[in-house]
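In: My questions concern the predicted model and sequence given below.
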Amino acid sequence: MSGHSKWKNIMHKKGKTDAQRAKVFTKMAKEIMVVVKEGGADPASNSRLADVIAKAKAANVPNDNIERAIKKGAGAEGGADYINLTYEGYGPGGVAVVVECLTDNKNRTAGNIRHWFDKFGGNLGATGSVAWQFKTYGQLIIEKADGIDEDELMMLALDSGADDFTAEEEAFEIICAPENFHALREALEGEGYTFLSAEVTRIPDNEVTLTDEKDIKFMGLLIENLEDDDDVQNIYHNAANEDL
């Protein structure tokens, strides 16, 4: 169940350059705008918005950016209409890849995603071709720190709807059903816990360890270029290599 050293990937992302962080902020703002348009601008009555705000804060998105995105989504400052698109395929070495996008131009997005898969030894598949290899879970990552009692945290998490609790080397990973995520996150926040990551995510049933150096290099480049695409929100894969 463990998110294959998820916390290491999170810490790596938090250490990215200002330009890369700005891109993450922009993508989070887009997600907030969409959720506001769908369910309203009040996180007290829009649980999805509350969860996305928590996800944004875990990614260190400034409060000003969050408020600005909420206003845009509510129509105070305009903004484009985005649609959700999901692409599935295989990366180098047979790695299953799912790419979630928010876009205002389907043709542009489809062309870009196909280009990156083709360039780095992968191929896009039809809807459902690889998504079956992943399950959707709520996932919360809490960094280990002085003052956090593991047993106390575990009991709180399990009593609040968690299905699984794992103590990794540097962090705690808490897994729950998607429908329990909001209540679980609020329960933990209410007790003062903060998150390295808080989101509903896709976790692979099985993982693939790449051994060919070219496959490892190309898989890294595929992820890097997809992450750099403004239309791409989330990338999920089942490569077990820690540097991916």
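Out: It's in. Note that the structure is a prediction, hence the values are computed from the model and not measured. Numbering: from 1, shown residues only.
In: CA only for contacts and neighbour counts going forward, please
Out: Fine.
In: Neighbours of the closest residue to Asn206 other than its chain neighbours, how many?
Out: Nearest residue to Asn206 in three dimensions, chain neighbours excluded: Asn238, at 6.8 Å (C-alpha to C-alpha, 6 or more residues apart in numbering). For Asn238, the count of nearby residues is 24 (other C-alpha atoms under 10 Å).
In: Contact partners for Asn238?
Out: Applying C-alpha atoms under 8 Å, 6 or more residues apart in numbering to Asn238 gives the contacts 95-97, 203-204, 206-208.
In: so how far is Glu168 from it?
Out: According to C-alpha to C-alpha, to the nearest Å, Asn238 and Glu168 sit 19 Å apart.
In: now Lys27
Out: Counting by C-alpha to C-alpha, the gap from Lys27 to Glu168 is 28 Å.
In: next one: Glu213
Out: 27 Å.
In: The two - which one has more neighbours?
Out: Shown here are Glu213 and Glu168; by other C-alpha under 10 Å, Glu168 has more neighbours (16 against 9).
In: next helix or strand past the helix of greatest length in the chain?
Out: Longest helix in the chain by number of residues (criterion: DSSP state H): helix 18-39. Remark: after helix 18-39, the chain's next helix or strand is helix 47-58, criterion DSSP states H and E.
In: so Thr86 is in which element?
Out: Taking DSSP H and E as the definition, Thr86 sits inside strand 83-90.
In: and that strand, which residues are buried?
Out: Applying a neighbour-count criterion of 16 or more other C-alpha atoms under 10 Å, one finds 85-90 buried in strand 83-90.
In: how about those residues in TSV, adding distance to Cys101?
Out: Below are the buried residues of strand 83-90 laid out as TSV (distance: C-alpha to C-alpha, whole Å):
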residue	distance to Cys101
Leu85	5
Thr86	6
Tyr87	8
Glu88	11
Gly89	14
Tyr90	17
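In: Name the nearest of those relative to Asp149.
Out: Thr86 (39.3 Å; C-alpha to C-alpha).
In: Okay, and the beta partners of that closest one?
Out: On the basis of DSSP bridges, Thr86 is bridged to Glu100.
In: returning to that earlier point: distance between the strand holding Thr86 and the chain's centre?
Out: 14 Å (C-alpha atoms, centre = their mean, to the nearest Å).
In: So the protein: which segments form each domain?
Out: Domain segmentation of the chain under automatic domain parsing yields 6-73, 83-132+205-237, 135-204.
In: mind putting the ones you listed in JSON lines, distance to Leu244 included?
Out: Shown next, in JSON lines, are those (distance: least, C-alpha to C-alpha, whole Å):
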{"stretch": "domain 6-73", "distance to Leu244": "8"}
{"stretch": "domain 83-132+205-237", "distance to Leu244": "6"}
{"stretch": "domain 135-204", "distance to Leu244": "14"}
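In: What residues sit buried inside stretch 29-47?
Out: For stretch 29-47, by 16+ other C-alpha under 10 Å, it's 29-37, 39-41, 43, 47.
In: Sorry, wrong one. I was asking about stretch 162-179.
Out: 162, 164-166, 168, 171-177.
In: okay, and for the chain, where does confidence drop off?
Out: Across the chain, the ranges flagged by pLDDT under 70 are 1-19, 76-79.
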